[in-house]
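Visitor: Give me the fold of what follows.
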Amino acid sequence: QVQLVESGGGLVQPGGSLRLSCAASGRISSINAMRWYRQAPGSERELVAFIGSGGSTSVAESVKGRFTISRDNGKNTVFLQMNSLKPEDTAVYYCNADLVAVVAGLSSRDTYWGQGTQVTVSS
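Guide: Predicted coordinates:
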């Protein structure tokens, strides 16, 4: 059973920082792209940041210069460093990974999601 588990969310004041982590576990053979999404109340889920298997990255314009995505391939973990947080960054943050895992004895490529972690930016 493949699982993605996020951590690091919480309440922070405007201008503060948080570091989110997302660890993948299970019978994983390889992980390709990893991403962070967020969804605010009443809004659609939006892509925040992407990192490829080779380390190439991109972030949404709304967070450019403030958020950084990175990964530790040895630990099957992706991170999102969030600095200079604003109230409009308040959302549930989800990680997402394209990976190959052994499922029911067979190698299978699929996309998995974490359960989400709440980030609230408020004074």
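Visitor: Quick one: the strands in the protein, in order.
Guide: Listed in chain order, the strands of the chain (DSSP state E) span 3-7, 10-12, 18-25, 28-39, 46-51, 57-59, 67-72, 77-82, 91-103, 106-113, 117-121.
Visitor: other SSEs contacting the fourth one?
Guide: Strand 28-39 makes packing contacts with strand 18-25, strand 46-51, strand 67-72, strand 77-82, strand 91-103 when contacts are defined by 3 or more CB pairs under 8 Å, 6 or more residues apart in numbering; DSSP states H and E. All C-beta spots, glycine's among them, are computed from the backbone N, C-alpha and C.
Visitor: tilt between the fourth one and strand 46-51?
Guide: The one in question is strand 77-82. Computed by axes from the mean of the first three to the mean of the last three CA atoms, to 10 degrees, the angle separating strand 77-82 from strand 46-51 equals 120 degrees.
Visitor: same deal with the first one?
Guide: Inter-element angle recorded for strand 18-25 and strand 46-51: 70 degrees (by the same axes, to 10 degrees).
Visitor: which strands and helices sit next to strand 18-25?
Guide: Counting contacts by 3+ CB pairs under 8 Å, 6+ apart, strand 18-25 packs against strand 3-7, strand 28-39, strand 77-82, strand 91-103, strand 117-121.
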